[in-house]
Every structure is written in C-alpha cells, then in structure tokens.
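>>> Okay, here's the prediction I keep looking at, along with the sequence it came from:
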Amino acid sequence: MAQFDVYTNPSAKSRNVYPFIIDIQNDLISDIATRIVIPLGKLSHFRNNKMKGLTPLITYESENYILLTPQVTSMPENLLKDPVGTLKSMRDEIISAIDFAITGI
C-alpha cells in the first residue's frame with residue numbers, strides 16, 4: 001500500500017456515487033490495521049459543484065471526480081485490494097485540501 005494509491009470502492013452500495021477510494025495515509029504508519037482514506041465522488045452526482053480548496057477536481061480515467069475531503073475516514077486495510085492507479089501527481093492538491101479542512105488556509 002502506498003500513499004495516494006487509488007482503490008475501487010469496496011462497498012457495492014455506494015460505488016455508483018463514490019467509485020474510488022484514495023489512500024492518504026503516510027507509508028510510515030504501517031503497523032495499524034486501518035488506512036486513512038478519502039472517497040472520490042463523481043462530479044456529475046454533485047451537480048458539478050465543488051468548493052475551491054476543499055474538494056478539488058480530479059480527472060481520473062477520463063472522468064471528472066471531486067476529492068470529498070470532508071468525508072475523510074479510516075477503513076480496514078484488508079478491504080483495500082489491489083490498487084487500480086495512483087494520484088501521486090495530485091499530491092499537492094490533495095495535501096492542500098486536507099490542510100484547508102484542518103486549518104482553513
């Protein structure tokens with residue numbers, strides 16, 4: 001598991017709206033059974049609304065998503081199967097969204 005890896009949402013119930021989960025946990029924290037994650041939501045399901053700084057637009061597999069930073073949560077590591085991609089190239093935007101959620105700046 002690596003920070004910013006993308007996983008298919010393991011929940012069939014919510015996968016239509018939140019198809020992917022992003023692992024944001026630093027690799028130094030690997031001795032716990034959970035991972036800190038943020039869902040990616042299909043932009044179209046959110047009326048194309050996003051909040052500047054908090055829910056950045058992410059294009060993945062030619063589709064627009066928003067990083068749903070306010071829905072940051074933890075998930076058992078064993079639910080996250082093989083990664084389907086990475087968002088390492090979006091590191092700065094993801095970290096900025098987390099900072100904005102915590103500090104407001």
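That came in fine, so what should we check first?
>>> For stretch 26-43, buried residues please.
35-41, 43 (16 or more other CB atoms under 10 Å). No exception for glycine: its C-beta is placed from N, CA and C like everyone else's.
>>> pretty sure residue 55 is in contact with residue 71, am I right?
No. Counting by CB atoms under 8 Å, residue 71 is not a contact partner of residue 55; they are 9.5 Å apart.
>>> the more surrounded of the two?
residue 55 (23 against 12; other CB atoms under 10 Å).
>>> Confirm that the more buried one sits in a helix.
No. Looking at residue 55 with DSSP: H, G, I helix; E, B strand; the rest coil, it is coil, so not inside a helix.
>>> Nearest residue to it in space, please, no chain neighbours.
Spatial nearest neighbour of residue 55, excluding adjacent residues (CB to CB, 6 or more residues apart in numbering): residue 66 at 4.4 Å.
>>> Is the one you found in a helix, a strand, or coil?
strand.
>>> right, and the helix or strand after the helix or strand containing residue 40?
For residue 40, the element it lies in under DSSP states H and E is strand 34-42. Using DSSP H and E, the helix or strand that follows strand 34-42 towards the C-terminus is strand 57-60.
>>> Poorly predicted segments of this protein, please.
Applying pLDDT under 70 to the chain picks out residues 48.
>>> so how many other residues sit close to the nearest residue to residue 5 once chain neighbours are set aside?
Spatially, and ignoring its direct neighbours in sequence, residue 5 is nearest to residue 83 (3.9 Å; CB to CB, 6+ apart). The local packing of residue 83 (other CB under 10 Å) involves 15 other residues.
>>> ok so, going back, kindly reformat the buried residues of stretch 26-43 as a markdown table containing distance to residue 28.
A markdown table is the format used below for these (distance: CB to CB, whole Å):
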| residue | distance to residue 28 |
| --- | --- |
| 35 | 13 |
| 36 | 12 |
| 37 | 17 |
| 38 | 18 |
| 39 | 23 |
| 40 | 24 |
| 41 | 28 |
| 43 | 32 |
